[in-house]
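Participant: Fold the following.
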Amino acid sequence: MGVVVSAQHTPSLAERLKDAASVAFIALLLGIPMLGLTTVDQGGALRVATRWPVLAAFVALCFAGRLIARYAFERWQLGRRSQERTKNRATPSSRRYGVLTNWLGWGCFASALFLPILFSDNRYVVDTATTVLIYVMLGWGLNVVVGLAGLLNLGYAAFYAVGAYAYALLATQFGWGFWQALPVAGALAAGFGLLLGWPTLRLRGDYLAIVTLGFGEIVRVVLVNWTDLSNGPNGIASIPRPTFFGLPFKPGDEATFASFFGIEFSPLHRIHFLYYLILALAMLTNVFVSRLRKLPIGRAWEAIREDEIACKALGINVTQVKLSALAISAMLGGAAGVFFAARQGFISPESFTFNESAIVLAIVVLGGTGSQLGVVLSSLVLVLLPELGRDFADYRMLLFGAAMILIMIWRPGGILAKREPTLRYSALPRDGERP
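Facilitator: Numbers count the residues shown, from 1 in each chain. Below you'll find the model as predicted:
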């Protein structure tokens, strides 16, 4: 029986200096037009002036920073490998990890449940939390395709738009209510998912990603140019808001929410109702996806993600399994779009650009593909970080990008990269052994 020993190569000082010098050279090339040269006003005419000391300081800083950063990263990797070896020698702690994530999940749910009560007078906090829950629902929907079935979808905003426009048109043109339009819009989005998947699921990897990206842009361009249906770039306004069992949230003595319960009207009633509505929809999505994972179809998704060829050899209809994942994911995205349209009261194609698809995909990947709780944590990060950076004005997105890079360095597999198996199989006890 052979033993394979793998050794990690430790870079020498010459290799580190060569790497830092290459970074400094790139900094020099980029810094010449940005820092080394500038224009000054001299007698009413512009003259090119040089700032070589500033450029030299910048290049030196990049050289030293690269050396320090690489040394620190290597030390961190060495410590992490040492911890992994210690964990491998120790007793497996997967069950303890599962208990910890369960408690964390219930803690997040309790915090979400009582948040409007704790911040009852702060509309900004409740509105921001509502936005977080929208992205949580979108992330759980996309997680079916990306995290469970292993299919890269870069056009998820298209299904989001289909659901939003379906509700907007049904409500403004035919007088449908929120609850009437919700299943119809979800089914319509699922139909678009089947329409996308049927001719394209024979593709894999980057090719499938390019097709889904094109589909997302096709839907957006159609919404911009088909003015008779979508009103073009002007969008659709005056979309009816959801009501509480037919009781609208507006002032007046007629049958309204405030008059029915005998309380004073407040605009915050509608804000809190919308928050609890998206919380209920998100929790239904979580329960729905969690149950599906334990069914044969959910196990088939994960099997295809791991080895598609082996699944074909076992007789699994790979095309139908992939189509089911894409249709269910599109349905959940369409349901989130219905709520978005109802909450905003106005939608336009600008709300469903590639940027939305990229954010939702980043939520799934950053949280850990296949992890339900990871989607919640990454949604908090990606929504709250830009909000917290508003005070930094021009540097807001720079800080956001730096935080994203640091998180991916710290947790390259996602915030919750370790995920509990969907099912556990215990070996049957032998004769005479206790189970």
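
Participant: Tell me how far residue 106 lies from residue 336.
Facilitator: According to Cβ to Cβ, to the nearest Å, residue 106 and residue 336 sit 23 Å apart. For the C-beta atoms, the positions are set from N, CA and C on the backbone; glycine is no exception.

Participant: Residue 16 and residue 67 touch, don't they?
Facilitator: Yes: the criterion here is Cβ atoms under 8 Å, and residue 16 meets it with residue 67 at 6.2 Å.

Participant: Name the residue in these two with the higher neighbour count.
Facilitator: Legend: neighbour count by other Cβ atoms under 10 Å for residue 16 and residue 67, higher for residue 67 (18 against 15).

Participant: got the contact list for the more buried one?
Facilitator: Residue 67 sits next to 16, 17, 20 when contact means Cβ atoms under 8 Å, 6 or more residues apart in numbering.

Participant: Make sure residue 303 is actually in contact with residue 318.
Facilitator: No: between residue 303 and residue 318 there is no contact under Cβ under 8 Å: 9.6 Å.

Participant: can you list residues touching both of the two?
Facilitator: Counting by Cβ under 8 Å, 6+ apart, the residues touching both residue 303 and residue 318 are residue 311.

Participant: any idea how far residue 117 is from residue 126?
Facilitator: Taken as Cβ to Cβ, the span from residue 117 to residue 126 is 10 Å.

Participant: With residue 352 instead?
Facilitator: 24 Å.

Participant: Likewise for residue 334?
Facilitator: Residue 334 sits 25 Å away from residue 126, going by Cβ to Cβ.

Participant: Of residue 117 and residue 126, give the one with the bigger neighbour count.
Facilitator: For residue 117 and residue 126, the more surrounded residue by other Cβ under 10 Å is residue 126, and the numbers stand at 19 against 8.

Participant: Mind listing what's buried along the helix or strand where the more buried one lies?
Facilitator: Element membership of residue 126 [criterion: DSSP states H and E] is helix 123-143. By 16 or more other Cβ atoms under 10 Å, the buried positions in helix 123-143 come out as 126, 129-143.

Participant: Could you point out which of those is nearest to residue 363?
Facilitator: When the buried residues of helix 123-143 are ranked by distance to residue 363 (Cβ to Cβ), residue 139 comes first, at 4.2 Å.

Participant: I figured the closest one was touching residue 375, is that so?
Facilitator: Yes: assessed by Cβ under 8 Å, residue 139 is found in contact with residue 375 at 3.8 Å.

Participant: correct me, but residue 161 touches residue 217?
Facilitator: No: using Cβ under 8 Å, residue 161 is not in contact with residue 217, being 11.2 Å away.

Participant: What's the local residue count around the nearest residue to residue 60 once chain neighbours are set aside?
Facilitator: Distance criterion Cβ to Cβ, 6 or more residues apart in numbering; nearest residue to residue 60, sequence neighbours excluded, is residue 24 at 7.6 Å. Taking other Cβ under 10 Å as the criterion, the count of residues near residue 24 is 20.

Participant: Could you pull up the residues touching residue 24?
Facilitator: Contacts were defined as Cβ under 8 Å, 6+ apart; by that measure residue 24 touches 59, 60, 62, 63, 66.

Participant: Model confidence for the third one, exactly?
Facilitator: Model confidence at residue 62, expressed as pLDDT, equals 89.

Participant: and it, which of the three is it?
Facilitator: Assigned with DSSP: H, G, I helix; E, B strand; the rest coil, residue 62 falls in the helix class.

Participant: Show me what the helix or strand residue 111 falls within is in contact with.
Facilitator: Using DSSP H and E, residue 111 sits within helix 94-118. Helix 94-118 is touched from outside by 125-126, 129, 133, 272, 275-276, 279, 283, 372-373, 376, 416, 418, 420, with contacts defined as Cβ under 8 Å, 6+ apart.

Participant: mind running it again at 10 Å?
Facilitator: If you take Cβ atoms under 10 Å, 6 or more residues apart in numbering as the criterion, helix 94-118 is touched by 93, 122, 125-126, 129-130, 132-133, 136, 268, 271-273, 275-276, 279, 282-283, 286, 371-374, 376-377, 380, 416, 418-421, 424.

Participant: ok, and for that helix, which residues are buried?
Facilitator: Those would be 101, 112, 115, 116, for helix 94-118 by 16+ other Cβ under 10 Å.

Participant: Now that helix: average pLDDT?
Facilitator: Helix 94-118 comes out with an average pLDDT of 78.

Participant: Stretch 38-55 now?
Facilitator: Stretch 38-55 shows a mean pLDDT of 81.

Participant: Stretch 401-418 now?
Facilitator: Taken as a whole, stretch 401-418 has a mean pLDDT of 71.

Participant: neighbouring contacts of it?
Facilitator: 73, 76, 94, 97-98, 101, 104, 147, 362, 364-378, 380-382, 385-386, 388-389, 395, 419.

Participant: And that stretch, how far out from the chain middle?
Facilitator: 13 Å (Cα atoms, centre = their mean, to the nearest Å).

Participant: quick one on the thing from earlier: the helix or strand just after the helix holding residue 126: which residues count as buried?
Facilitator: Following helix 123-143 in sequence order, the next helix or strand is helix 157-174 (DSSP H and E). Across helix 157-174, burial judged by 16+ other Cβ under 10 Å covers 157-171.

Participant: Phi and psi next, for residue 59.
Facilitator: Reported as degrees, to the nearest 10, the phi and psi values for residue 59 are phi -60, psi -40.

Participant: Next, work out how far apart residue 45 and residue 51 are.
Facilitator: Distance from residue 45 to residue 51, by Cβ to Cβ: 19 Å.

Participant: who's more crowded, these two?
Facilitator: residue 51 (14 against 7).

Participant: That one contacts residue 33, correct?
Facilitator: No: using Cβ atoms under 10 Å, residue 51 makes no contact with residue 33, being 11.5 Å away.

Participant: Now do the same contact list for the nearest residue to residue 162 once chain neighbours are set aside.
Facilitator: Nearest non-adjacent residue to residue 162, counting by Cβ to Cβ, 6+ apart: residue 189, 4.5 Å away. Residue 189 makes contacts with 141, 158-164, 166, 327, 329-338, as judged by Cβ under 10 Å, 6+ apart.
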